[in-house]
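J.: A predicted structure for the sequence below; I have some questions about it.
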Amino acid sequence: MNRIILMLFAMLIGTNGYAENGYDLWLRYKPVYDTNKTNIYRSVIKQIYVAGESKTIAAATMELQIGIKGLLSRSLKSVRHINTDGTLLLGTPITSATIAKLRLAELSRVGNEGYLIKSIRINGKSCLVIAANTDIGVLYGSYRLLSLIQTGQSIQNISIVDHPKIQLRVLNHWDNLNGTIERGYAGYSLWDWQRLPGYLDPRYTDYARANASIGINGTVINNVNASARSLTKDYLIKAAALAQVFRPYGIKIYLTARFSAPIEIGGLKTADPLDPEVIKWWKRKADEIYSYIPDFGGFLVKANSEGQPGPQDYKRSHAEGANMMADALAPHNGVVMWRAFVYENIKGEDRAKQAYQEFKKFDGAFKSNVFIQPKNGPIDFQPREPFHPLFGAMSKTQLMLEFQITQEYLGFATHLVYLAPLFKETLSADTYSKGKGSTIAKIVEGKLEEHQRSGIAGVANIGSDINWTGHPFAQSNWYAFGRMAWNPDLSPAVIADDWLKMTFTNDSSFVAPVKEYMLASREHAVNYMMPLGLNHIMNLGTHYGPGPWDKITGWNAHDYHLADDEGIGVDRTDKGSDAVSQYFPEVRAQYNDINKIPPELLLWFHHVPWKYKMASDRNLWEELVYRYYSGVSAVEKMQDKWDRLEHKIDPVRFEQVKQLLAEQQREAAWWRDGSVLYFQTYAKMPLPAGYKAPLRTLEHYKQIKMPDRINK
Ligand code: BDP
């Protein structure tokens, strides 16, 4: 009873005097609580002088007005000249004669999307200038300025020059036209196809604001398992309406293109990419799309993968398929993002090797507006994978890296798992393709090979839930993706720090312990799900909960761990499937050698005896048990920690996270107990001393079918 009353009360007012449901994400703009700081901020920003008429400039102005009103409890007076100290001046040298006169040398370094925030005296008055070469740069700079205040940083005497390191920073929504989302765990699709184009849900604008605030500049609005109907006139008009909402925020729309669309909606008999009618059809389709969406970004294509149609259906290659589409888009400056997620086409081959085998041979064969888009690892968004061997191996090809923000294999929207460390692990991995320092970040930035274009994609975790992502902390993964797409060098700690302050509070007694947990949370999840390089041992039907025992036909969990009486793990060394040969010598030598491989990837590359002595001095079986148990106990520690943080944030979100942590603990224990009992049937050793035996039998864990609700 008490709890219900508390919740109701909290929903009405919250501890800080307002209700918090997570809708505002990191753009809450709650008052700065430090009066000294408030006074300083107020002295630096008293009024705003905006030069420029565009919708983007209007969006920047609106955001600053809302932000300053919230943060400093002050309405920004709009002025047309600088008459006092404390003027915030916004614009580009083209829109503002005052900014042009400043001759800001830094602008030569910031490109089309970068900006400069600088304290400057103009006509003897101290001003804060947000300048850029384009209006979108001004918008990005405005969000940056607001974030400085949100996180309590100084804005006096500042000079910040920033620009994105990757050109295309794109969300991939796996949204279906019927409103469901493939692997979406936060409700249904945001896109209300039925009421588009007439009704523009205000949420579309808030979606665009959130994305622009972290620099995301593209969105693929439909599923990679595509419906050709998305390319029909009716749906293009709806997509055009979304594009119109997103445009002021610098966000381009992209669509997935079903390879067989010429047959399904074009009435042709074939989709052969070399057929003249097919070529014509795609050209006309591209022209039509651009007639509705003049700044359309291009196509994302999943071809000859998991049953999707593709050029191989006509004995044509990936290059022939991708280039045909690229030719159709080229006159309009559109791109093709051609996915490299393939694995069923070479029978009997190690799945981890297949994308490389299918794609490497086409290096150099793709048109200049084609990206090849591999996932971060060679199998499938697992809790931990080695980096995808195509990175470094296709130096003549623009590679777009694909991350999964939605937590398909990391606890859906139930588990608190902060993904920035996973993103960082991939981005900082060294391929050695051009010697030491050939990191994936440099390849994706296009710097290593000096490519014209660069791009990065993240499979979105956004849905219709009031807080957008289901779990309040899943917002941090959307946020982190954007920040790292803008600057892959940023550290997960800095990003978590900013996100926590903007999303919850600047109170360091909250931020410090929660940040520490966030940073370790991915490792904890790896430990209670798939430690030591194990992968793909989840329930095969739902992708939720443990299923190392699954042995149905096709690729099954057993193929991925190959446990037997002797040991566990897949031999991908030169004595096994030789997947190691797809890496450059320095990496290969490390992965191939059981004494050099990091324990985190051990069972990915090696079949290891149960009694193998690990560096920790435990044998493999003991190490496996240790990792499973430590993963669960870390969640339990977080529960305790969280309980002690009550009253530091609003009660609604506090309670949500508390409940979700309890679920996470239960499910982590389910993973641990099911997996340990199952692997024990092979290891045939007792649990090491000091570990509490699972409460139930293996049979019990095998029977659990979870969850009922899966949006597919
Ligand atoms: C797998 C998902 C599946 C996707 C596929 C993909 O389970 O739903 O369609 O990835 O990336 O992980 O195409």
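T.: Now that the structure is in, tell me what you want to look at.

J.: okay, CA-based contacts and neighbour counts for the rest of this
T.: OK.

J.: what is the mean pLDDT for the longest helix belonging to the chain?
T.: Longest helix in the chain by number of residues (criterion: DSSP state H): helix 651-683. Helix 651-683 shows a mean pLDDT of 98.

J.: stretch 86-96 too?
T.: Computed over stretch 86-96, the mean pLDDT rounds to 97.

J.: residue of this structure nearest the ligand, please.
T.: Asp380 (5.3 Å; Cα to the nearest ligand atom).

J.: helix/strand/coil for that residue?
T.: When classified by DSSP: H, G, I helix; E, B strand; the rest coil, Asp380 comes out as coil.

J.: how far away is it from Asn157?
T.: Distance of Asp380 to Asn157, given as Cα to Cα, to the nearest Å: 47 Å.

J.: name the residue in these two with the higher neighbour count.
T.: Of the pair Asp380 and Asn157, Asp380 is the one with more neighbours under other Cα atoms under 10 Å, namely 21 against 13.

J.: phi, psi for the more buried one please.
T.: phi -170, psi 80 (degrees, to the nearest 10).

J.: could I get the pLDDT score of it?
T.: Confidence for Asp380, expressed as pLDDT, is 97.

J.: repeat for the one 5 residues further on
T.: Model confidence at Glu385, given as pLDDT, is 98.

J.: show me the residues around it that make contact.
T.: Residues in contact with Glu385 (Cα atoms under 8 Å, 6 or more residues apart in numbering) are 376-379, 533, 535, 601, 604.

J.: distance check, it against Leu603.
T.: According to Cα to Cα, Glu385 and Leu603 sit 11 Å apart.

J.: got any residues that touch both of those two?
T.: What both Glu385 and Leu603 touch, as defined by Cα under 8 Å, 6+ apart, is the set Gly533.

J.: give me every residue that touches Tyr682.
T.: Contacts of Tyr682 (Cα under 8 Å, 6+ apart): 563-567.

J.: what about the ligand: which of those touch it?
T.: With Cα under 6 Å from any ligand atom as the criterion, the contacts of Tyr682 include none near the ligand.

J.: please pick the buried ones from those.
T.: For the contacts of Tyr682, a neighbour count by 16 or more other Cα atoms under 10 Å gives the buried set as 563-564, 567.

J.: show me what from this structure comes close to the ligand.
T.: 182, 225, 380.

J.: wait, which of the residues you listed is closest to Asn527?
T.: Comparing the residues of the chain next to the ligand against Asn527 with Cα to Cα places Asp380 closest, at 18.0 Å.

J.: domain parsing for this protein?
T.: Listed domain ranges for the chain are 31-162, 168-503, 526-570+607-703 (source: automatic domain parsing).

J.: now those as TSV including distance to Asp24?
T.: TSV is the format used below for these (distance: least, Cα to Cα, whole Å):
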stretch	distance to Asp24
domain 31-162	12
domain 168-503	8
domain 526-570+607-703	13
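
J.: name the stretch among those domains that sits most buried.
T.: Among the domains of the chain, ranked by average contacts under mean count of other Cα atoms under 10 Å, first place goes to domain 168-503 (a mean of 21).

J.: now the strands for the stretch 301-450 of the chain?
T.: 335-339, 370-373, 398-404 (DSSP state E, counting those that start in this stretch).

J.: can you tell me how far the spatially closest residue to Pro374 that is not a sequence neighbour is from Asp617?
T.: Using Cα to Cα, 6 or more residues apart in numbering and skipping residues adjacent in sequence, the residue nearest Pro374 is Ala340, 4.7 Å away. According to Cα to Cα, Ala340 stands 40 Å off from Asp617.

J.: residues contacting His173?
T.: Per Cα under 8 Å, 6+ apart, neighbours of His173: 181, 219-223, 459-462.

J.: between which two of these is the distance greatest?
T.: Longest span within the contacts of His173, Cα to Cα: Ile181 and Thr219, 14.9 Å.

J.: hang on, Ile372 packs against Arg339?
T.: Yes - under the criterion of Cα atoms under 8 Å, Ile372 makes contact with Arg339 at 5.7 Å.

J.: just how off-centre is stretch 647-658 within its chain?
T.: In terms of Cα atoms, centre = their mean, to the nearest Å, the centre of stretch 647-658 is found 25 Å from the chain centre.

J.: using PDB, write out the CA atom coordinates for that stretch.
T.: Taking Å, rounded to 0.1, in the frame of the first residue of the first chain, the C-alpha atoms of stretch 647-658 are listed here in PDB:
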ATOM      1  CA  HIS A 647      16.300   9.700  -2.700                       C
ATOM      2  CA  LYS A 648      19.200  10.800  -4.900                       C
ATOM      3  CA  ILE A 649      17.000  10.700  -8.000                       C
ATOM      4  CA  ASP A 650      13.300  10.700  -8.700                       C
ATOM      5  CA  PRO A 651      11.400   7.800  -7.200                       C
ATOM      6  CA  VAL A 652       9.700   6.600 -10.400                       C
ATOM      7  CA  ARG A 653      12.900   5.900 -12.200                       C
ATOM      8  CA  PHE A 654      14.600   4.700  -9.100                       C
ATOM      9  CA  GLU A 655      11.900   2.100  -8.600                       C
ATOM     10  CA  GLN A 656      11.900   1.000 -12.200                       C
ATOM     11  CA  VAL A 657      15.600   0.300 -12.100                       C
ATOM     12  CA  LYS A 658      15.300  -1.400  -8.800                       C
END
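
J.: any weak-confidence spans in the chain?
T.: Counting by pLDDT under 70, the ranges of the chain that qualify are 1-18, 553, 707-712.

J.: repeat that for 80
T.: For the chain, the stretches with pLDDT under 80 are 1-19, 345-346, 552-555, 705-712.

J.: what ranges does the stretch 501-650 of the chain have for its helices?
T.: 508-529, 557-561, 585-592, 602-605, 620-643 (DSSP state H, counting those that start in this stretch).

J.: now do the second one: distance to the chain's middle.
T.: Using Cα atoms, centre = their mean, the distance from the centre of helix 557-561 to the centre of the chain it belongs to is 27 Å.

J.: quick one: list the elements packing against the helix or strand hosting Ala496.
T.: Assessed by DSSP states H and E, Ala496 sits inside helix 492-503. With contacts taken as 3 or more Cα pairs under 8 Å, 6 or more residues apart in numbering; DSSP states H and E, helix 492-503 sits against helix 135-150, helix 420-427, helix 475-486, helix 508-529.

J.: show me what the second one is in contact with.
T.: The contact list for helix 420-427, computed with Cα under 8 Å, 6+ apart, reads 376, 384, 386-387, 403, 439-441, 477, 480-481, 484, 488, 491-492, 519, 522.
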